[in-house]
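> Need coordinates for the following:
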Amino acid sequence: MFGPQLLDRMTGPEAAAWEAVLVAPFVGSFLGVVIRRLPEGRPLAWERSRCEACGAALGLRDLVPIVSWLAQRGRCRRCHARLGWFYPAVELAALGIALVAVAVDSGVDIWLDCVLGWWLLALGWVDARHWLLPDPLTLPLVVAGLATALAFEPDRLSDRALGAVAGYLGLRIVAYFYRKLRGRDGLGGGDAKLLAAAGAWVGATGLPQVVLFAALAGLVAAACLRLSGVRLTAASVLPFGPLLALATWLVWLLPTL
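Sure thing, here's the model as predicted:
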């Protein structure tokens with residue numbers, strides 16, 4: 001009896017849940033490559049993965065997400081240098097996104113939750129490492145949000161398009177006046193494009209919540225830094241991309257919670 005029930009779950013309406021969870025670590029592995037290589041202008045697909053210590057090319061058994069890292073105890077199989085936590089951390093984060101999506105949604109909506117979450121994960125991580133939100137990631141996310149509206153919620157397409165425009169222009173205006181008042185940049189153009197992408201996914205009606213959640217996340221992050229002993233001043237800055245990315249995904253998920 002267990003066998004047929006399991007088969008029905010894997011081939012029926014719940015198949016998306018199984019597929020998302022299974023593919024998530026592999027997506028995370030690719031996102032790790034994107035996060036590492038895209039800001040440096042390196043090719044994403046045609047360059048072999050190598051050990052950063054000895055330069056040895058990694059084979060298939062070295063590249064199984066999470067499993068290879070655990071099997072090799074976090075070390076290169078050839079030179080035994082420590083590999084670090086970066087790749088398994090991204091892979092686990094991608095898996096976490098899939099698990100949340102499976103917990104709150106069903107069917108094709110799981111894949112929409114995952115695609116947006118994984119995309120925002122890459123953007124937030126790149127900004128945290130490099131203070132950069134690359135156009136090859138932000139601009140296609142705007143298009144994807146509008147395309148998703150056209151395909152699944154055509155009645156909300158105008159709200160989504162307005163959200164994209166309002167998100168971009170709103171943050172550009174704030175950045176302009178911040179520079180006028182403080183004499184230095186406080187927000188980059190990438191932040192405005194990311195908020196445009198947020199608007200394209202959650203619509204103009206969801207933008208105030210995105211900004212509110214991002215601001216609250218920033219306060220929490222600042223408090224954590226203070227508690228950890230980091231001295232913050234009026235000139236201290238935090239990358240806004242990770243905060244916007246987290247807030248966008250939370251607002252996107254709110255209707256399902």
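> Show me how far stretch 120-138 is from its chain's centre.
Here stretch 120-138 is found 8 Å from its chain centre; the criterion is CA atoms, centre = their mean, to the nearest Å.
> hmm, I was thinking of stretch 178-195
How far stretch 178-195 lies from its chain's middle: 21 Å, per CA atoms, centre = their mean.
> Can you mark which positions in it are buried?
Using 16 or more other CB atoms under 10 Å as the test for burial, stretch 178-195 gives 187, 188, 190, 191, 192, 193, 194, 195. (C-beta placed from N, C-alpha, C; glycine too.)
> which ones are touching the fifth one?
So the one you mean is residue 192. Residue 192 makes contact with 167, 168, 169, 170, 171, 172, 175 under the criterion CB atoms under 8 Å, 6 or more residues apart in numbering.
> 6 Å - rerun?
By CB atoms under 6 Å, 6 or more residues apart in numbering, the contact list for residue 192 reads 168, 171, 172.
> my read is the last one is in a strand, agree?
No. For residue 172, which was evaluated using DSSP: H, G, I helix; E, B strand; the rest coil, the result is helix, with no strand membership.
> Quick check: closest non-adjacent residue to it.
Once flanking residues are discounted, residue 172 sits nearest to residue 192: 4.8 Å by CB to CB, 6 or more residues apart in numbering.
> Can you tell me the element that neighbour falls in?
Using DSSP states H and E, residue 192 maps to helix 189-202.
> Could you work out the end-to-end span of stretch 57-77 for me?
11 Å (CA to CA, to the nearest Å).
> Go ahead and name everything in contact with it.
25, 26, 29, 48, 49, 50, 51, 82, 83, 88, 91.
> Of these, which belong to strands?
Per DSSP state E, strands hold no members of the contacts of stretch 57-77.
> Please flag which of those residues sit within helices.
Mapping the contacts of stretch 57-77 onto helices (DSSP state H) picks out 25, 26, 29, 88, 91.
> Pretty sure residue 65 sits in a helix.
No. Residue 65 is assigned coil when assessed by three-state DSSP, not a helix.
> give me phi/psi at it?
Main-chain torsions, residue 65, degrees, to the nearest 10: phi -50, psi 140.
> which parts of stretch 156-167 are buried?
For stretch 156-167, using 16+ other CB under 10 Å, the buried residues are 156, 157, 159, 160, 161, 162, 163, 164, 166, 167.
> same check, this time on stretch 199-208
Of all the residues in stretch 199-208, those buried under the rule 16+ other CB under 10 Å are 199, 200, 201, 202, 203, 204, 206, 207.
> so the third one sits right up against residue 143, yeah?
Spelled out, it's residue 201. No. Using CB atoms under 6 Å, residue 201 makes no contact with residue 143, being 11.1 Å away.
> of all the buried residues of stretch 199-208, which two lie farthest apart?
Pairwise distances among these were taken by CB to CB; the largest, 11.4 Å, belongs to 201 and 204.
> pLDDT score assigned to the closest residue to residue 139 other than its chain neighbours?
Leaving out its chain neighbours, the residue that sits closest to residue 139 by CB to CB, 6+ apart is residue 193, at 6.5 Å. pLDDT, the model's per-residue confidence, is 96 for residue 193.
> now swap in residue 186 and tell me
As predicted, residue 186 sits at a pLDDT of 66.
> And for the one 4 residues further on?
Here, the pLDDT recorded for residue 190 equals 92.
> what do you get for residue 11?
The model's pLDDT for residue 11 equals 48.
> likewise residue 204?
For residue 204, the predicted pLDDT is 96.
> State the distance from it to residue 215.
Note on residue 204: its distance to residue 215, by CB to CB, to the nearest Å, is 18 Å.
> quick revisit: quick one: the buried residues of stretch 178-195 as JSON lines, columns for distance to residue 19 too.
Shown next, in JSON lines, are those (distance: CB to CB, whole Å):
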{"residue": "187", "distance to residue 19": "38"}
{"residue": "188", "distance to residue 19": "36"}
{"residue": "190", "distance to residue 19": "32"}
{"residue": "191", "distance to residue 19": "33"}
{"residue": "192", "distance to residue 19": "35"}
{"residue": "193", "distance to residue 19": "30"}
{"residue": "194", "distance to residue 19": "28"}
{"residue": "195", "distance to residue 19": "31"}
